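>>> what follows is a predicted protein model with its sequence.
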Amino acid sequence: MFGKKKAKLFGNHIETDCRHCANGSDFDGASVCRLGRYLDPDGGCGRFVYDPLKRTPVSMPALKPHSAEEFKL
């Protein structure tokens, strides 16, 4: 009851972004809130619910080129 707060599965500090909200939907590339809300200038929304399935993963950086001499024993 009065113990430490548990960390959420995806962290406690998720930035509010309508593209990652469970109440948001993509319409022609623009995020539209199903609840008719707009993101406040300070970046807060009381109805924000994080949906991890809407996040696109960051692409991996390109590998640097290697020569055949690096793999010789």
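Here it is on my side, so go on. Numbering: from 1, shown residues only.
>>> host element of S25?
S25 is located in strand 24-27, with elements delineated by DSSP states H and E.
>>> so where's this protein shaky on pLDDT?
For the chain, the stretches with pLDDT under 70 are 1-3, 5-9, 26-32, 38-44.
>>> now do the strands in it.
Remark: strands assigned in the chain by DSSP state E are 24-27, 30-33.
>>> pretty sure F10 contacts P52?
Yes. Here F10 lies in contact with P52, judged by CB atoms under 8 Å, at a distance of 5.9 Å. Any C-beta I mention is one placed from the backbone N, CA and C, and that applies to glycine too.
>>> for K54, which non-adjacent residue is closest in space?
Closest residue in space to K54, ignoring its immediate chain neighbours: H20 at 5.1 Å, by CB to CB, 6 or more residues apart in numbering.
>>> what is the burial count for the one you found?
Residues near H20, counting by other CB atoms under 10 Å, number 20.
>>> burial measure for F48, as a count.
For F48, using other CB under 10 Å, the count is 21.
>>> give me the distance between the residue lying closest to it once chain neighbours are set aside and A68.
Leaving aside its sequence neighbours, F48 sits nearest to T16 (CB to CB, 6+ apart; 4.9 Å). Note on T16: its distance to A68, by CB to CB, to the nearest Å, is 50 Å.
>>> more crowded one of these two?
When T16 and A68 are compared for neighbours, T16 comes out ahead with 15 against 6, by other CB under 10 Å.
>>> returning to what we had before: show the contacting residues for the residue nearest to K54.
14, 50-52, 54-55 (CB atoms under 8 Å, 6 or more residues apart in numbering).
>>> please redo it, this time with the cut-off set to 6 Å
By CB atoms under 6 Å, 6 or more residues apart in numbering, the residues touching H20 are 50, 54-55.
>>> just the buried ones from the residues you listed?
Burial by neighbour count, 16 or more other CB atoms under 10 Å: within the contacts of H20 this picks out 50, 54.
>>> from the contacts of H20, which is closest to S25?
K54 (9.6 Å; CB to CB).
>>> against A22, how distant is that closest one?
From K54 to A22 the distance is 8 Å (CB to CB).
>>> and if you look at S59?
25 Å.
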